[in-house]
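Participant: how would this look folded up:
(one chain, ligands or ions: 1)
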Amino acid sequence: ASAPSSSTVENGEPSSPVEPSEGASVVDVNPPRGTRDFAPEDMRLRTWLFDQFREVSRVMAFEEVDFPVLESEALFIRKAGEEITQQLYNFQDKGGRRVVLRPEITPSLARLVIKQGKSVSLPLKWFTIGQCWRYERMTRGRRREHYQWNMDIFGMPKVRAESELLQAIILLFERLGITSSDVGIRVSSRKVLQAVLNMYSVPEHLFTEVCVIVDKLGKLTREEIEKELITIGLSSEAVQGIIEVLSLKSLPKLEEVLGSDVEAVADLKKMFSFAEQYGYADWICFDASVVRGLAYYTGIVFEVAFDRDGKLRAICGGGRYDRLLSTFGSEDIPACGFGFGDAVIVELLKEKGLLPDLSRQIDDIVFPLDEELEGPASSVASSLRRQGRSVDLVEDKRLKWVFKHAERINAGRLILVGKSEWERGMVRVKILSTREEFEVKAGELQ
Ligand SMILES: CC(=O)Nc1cnc2ccccc2c1
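Facilitator: Numbers count the residues shown, from 1 in each chain. Below is the predicted model of the structure:
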């Protein structure tokens, strides 16, 4: 292609081609702060991981969907003080519209379900793997983007949905070789907190804020949590009651405190009995302190984490959000889902030595031994590619280089196109694993 027009019009004046002065670097070759490039080796790992996500989604009978990374800011304006809405990667576009690079996927899913309206039959099970963004002051040096595998079920009001999502997560771990002793799946319900707030007649409208504050347990000290709860107006009895119940890790104990007719207890008992039948009971445990930090959860919530020198590293999390659609002005449809990030899981796989061998695998290298054989080499490569074999057509290299290259890309065979063989309609084939070498009719090569 011809070089782009060298003169660019800047403030009305055509400028001279921009040539770097001696030694100056033309451009910063690093990607923007907090973002990553995926060079081939990194991309092979990412593709392998995403293929595992897809395979689990397939066996769970989920359908793939996708959305723009760019969304209207309105979709993410929530007043509960969540970190995710305080770090929106938001801006005004050239049309004056307030837009964001999405920080999560669920609101887009909800938007599409509403848009599809009556034309979707329920329940629906959708998945997507998408890049999500946040804008953090670089003081914390954390990443500003990651990819999330999202699985969501709409129109399944009972805990069957949450149980299905847990199966998906556990199938994924089993595929990766991670065991129930490597990670902890903690399950609870926000209805536990709701029951406690009712016991202390805390006004309903504080529920979401209390959840967002309590989710910081483990990040903030108990005192800081208590102070924040008092600040939004809770009595110290209510705060004590909350802290007490949230420290429960036994379902029978919870039943004692809340009684058996509380929905939270019934839901959780049913989930743990389903877990036995699914065969994943030893993967999950009840822990009342799990509330998750997203404002819209209304019921069962769960979190998967692993312990890294005493620090909990969250791998994925999710829960039920039965009233998200009405916050967008639509009829509510019961829903639940999870998000599974692409970064922390890789940390765990590395730590457990579970990363698979992902070196390149090429079937054939085709190499013309001199210039006049470049044409014939094209037809040899083309015929093999049409049969579905991966072929690297190499030329203008010394044979020594070609053998090294063959090793580097783990080629199965080296197909040498030489003058004397070609005149007899033959090519020379070298099997690189056995060093076997023989001639083959070019037209019969496969
Ligand atoms: C470990 C990691 O990369 N976390 C991460 C990175 N980027 C994000 C971007 C948006 C929302 C959550 C995010 C979370």
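Participant: show me which residues of the stretch 201-350 of the chain sit near the ligand.
Facilitator: Within the stretch 201-350 of the chain, the positions lying close to the ligand (Cβ under 6 Å from any ligand atom) are Gly341, Ala343, Val344. C-beta here means a position set from N, CA and C on the backbone, and glycine is covered the same way.
Participant: any chance of a markdown table for those residues, columns pLDDT?
Facilitator: What follows is those, written out as a markdown table (pLDDT from 0 to 100):
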| residue | pLDDT |
| --- | --- |
| Gly341 | 97 |
| Ala343 | 96 |
| Val344 | 96 |
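Participant: let's have these in a markdown table, adding distance to Val192, secondary structure and neighbour count.
Facilitator: Written out in a markdown table, the entries for these read as follows (distance: Cβ to Cβ, whole Å; DSSP: H, G, I helix; E, B strand; the rest coil; neighbours: other Cβ atoms under 10 Å):
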| residue | distance to Val192 | secondary structure | neighbour count |
| --- | --- | --- | --- |
| Gly341 | 26 | strand | 17 |
| Ala343 | 30 | coil | 14 |
| Val344 | 26 | helix | 18 |
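Participant: which SS class is Asn195?
Facilitator: Heads up, residue 195 is Ala, not Asn. Counting by DSSP: H, G, I helix; E, B strand; the rest coil, the backbone at Ala195 sits in helix.
Participant: right, and it touches Val262 too?
Facilitator: Yes - with contacts defined as Cβ atoms under 8 Å, Ala195 counts as touching Val262 at a distance of 5.1 Å.
Participant: hang on, the earlier thing: looking at the residues of the stretch 201-350 of the chain next to the ligand, which is nearest the ligand?
Facilitator: When those are compared for distance to the ligand, the smallest value, 3.8 Å, is given by Ala343; criterion: Cβ to the nearest ligand atom.
Participant: what sits against the residue nearest to the closest one when sequence neighbours are not counted?
Facilitator: Spatial nearest neighbour of Ala343, excluding adjacent residues (Cβ to Cβ, 6 or more residues apart in numbering): His146 at 5.2 Å. Contacts here follow Cβ atoms under 8 Å, 6 or more residues apart in numbering; on that basis His146 touches Gln131, Cys132, Gly341, Asp342, Ala343.
Participant: distance check, the closest residue to Phe38 other than its chain neighbours against Ala411.
Facilitator: With Cβ to Cβ, 6+ apart as the criterion, Phe38 has its nearest non-adjacent residue at 5.7 Å, and that residue is Arg46. Between Arg46 and Ala411 the distance is 24 Å, computed by Cβ to Cβ, to the nearest Å.
Participant: give the contact list for Pro104.
Facilitator: You called it Pro, but residue 104 is Glu. By Cβ under 8 Å, 6+ apart, Glu104 lies in contact with Phe76, Ile84, Cys132, Gln148, Leu294, Gly339.
Participant: which outside residues touch the biggest helix by length in the chain?
Facilitator: Residue-count comparison of every helix in the chain, with assignments taken from DSSP state H, identifies helix 40-59 as the longest. With Cβ under 8 Å, 6+ apart as the test, helix 40-59 has contacts from 36, 38, 64, 127, 129, 147, 149, 151, 168, 171-172, 175-176, 340, 342, 345-346, 355-356, 358, 360.
Participant: inside helices: which ones of the residues you listed?
Facilitator: Among the contacts of helix 40-59, the residues falling in helices (DSSP H) are Ala168, Leu171, Leu172, Arg175, Leu176, Ile345, Val346.
Participant: columns distance to Met60 and neighbour count on top of those, output as a markdown table?
Facilitator: As requested, the ones in helices among the contacts of helix 40-59 are arranged in a markdown table below (distance: Cβ to Cβ, whole Å; neighbours: other Cβ atoms under 10 Å):
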| residue | distance to Met60 | neighbour count |
| --- | --- | --- |
| Ala168 | 5 | 22 |
| Leu171 | 7 | 18 |
| Leu172 | 10 | 24 |
| Arg175 | 12 | 14 |
| Leu176 | 16 | 19 |
| Ile345 | 18 | 25 |
| Val346 | 22 | 16 |
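Participant: can you list these in JSON lines and add pLDDT?
Facilitator: Putting these into JSON lines (pLDDT from 0 to 100) gives the following:
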{"residue": "Ala168", "pLDDT": "98"}
{"residue": "Leu171", "pLDDT": "98"}
{"residue": "Leu172", "pLDDT": "98"}
{"residue": "Arg175", "pLDDT": "98"}
{"residue": "Leu176", "pLDDT": "98"}
{"residue": "Ile345", "pLDDT": "97"}
{"residue": "Val346", "pLDDT": "97"}
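Participant: out of the residues you listed, which is nearest to Asp322?
Facilitator: Sorting the ones in helices among the contacts of helix 40-59 by how near they are to Asp322, with Cβ to Cβ, puts Ala168 at the top with 19.7 Å.
Participant: how much space separates the residue nearest to Ala343 from the ligand?
Facilitator: As judged by Cβ to the nearest ligand atom, to the nearest Å, His146 and the ligand stand 4 Å apart.
Participant: kindly report the same for Ser273.
Facilitator: Taken as Cβ to the nearest ligand atom, the spacing of Ser273 relative to the ligand amounts to 34 Å.
Participant: and that residue, what helix or strand is that in?
Facilitator: Of the helices and strands defined by DSSP states H and E, Ser273 is found in helix 263-278.
Participant: past that helix, which element shows up next along the chain?
Facilitator: Secondary structure here is assigned by DSSP H and E; on that basis, the next helix or strand after helix 263-278 toward the C-terminus is strand 284-286.
Participant: who does that following strand pair up with?
Facilitator: strand 184-189 (parallel) (DSSP bridges).
Participant: which residues sit against the partner strand?
Facilitator: Contacts of strand 184-189 with the rest of the structure, by Cβ under 8 Å, 6+ apart, involve 166, 169-170, 263-264, 267-268, 271, 283-291, 299-307.
Participant: of the residues you listed, keep whichever come out buried.
Facilitator: Listed as buried from those are 166, 169-170, 264, 267-268, 271, 283-291, 299-306; burial here means 16 or more other Cβ atoms under 10 Å.
Participant: local confidence estimate at Ala80?
Facilitator: Turning to Ala80, the model gives it a pLDDT of 84.
Participant: no no, Gly353
Facilitator: At Gly353, the model reports a pLDDT of 98.
Participant: again, but for Arg308
Facilitator: We have a pLDDT of 85 for Arg308.
Participant: so how far is Asp42 from it?
Facilitator: Arg308 sits 21 Å away from Asp42, going by Cβ to Cβ.
Participant: helices or strands up against the host helix or strand of Leu348?
Facilitator: According to DSSP H and E, Leu348 maps onto helix 344-351. With contacts defined as 3 or more Cβ pairs under 8 Å, 6 or more residues apart in numbering; DSSP states H and E, helix 344-351 has these neighbours: helix 40-59, strand 300-308, strand 311-320.
Participant: cutoff 7 Å now
Facilitator: strand 311-320 (3 or more Cβ pairs under 7 Å, 6 or more residues apart in numbering; DSSP states H and E).
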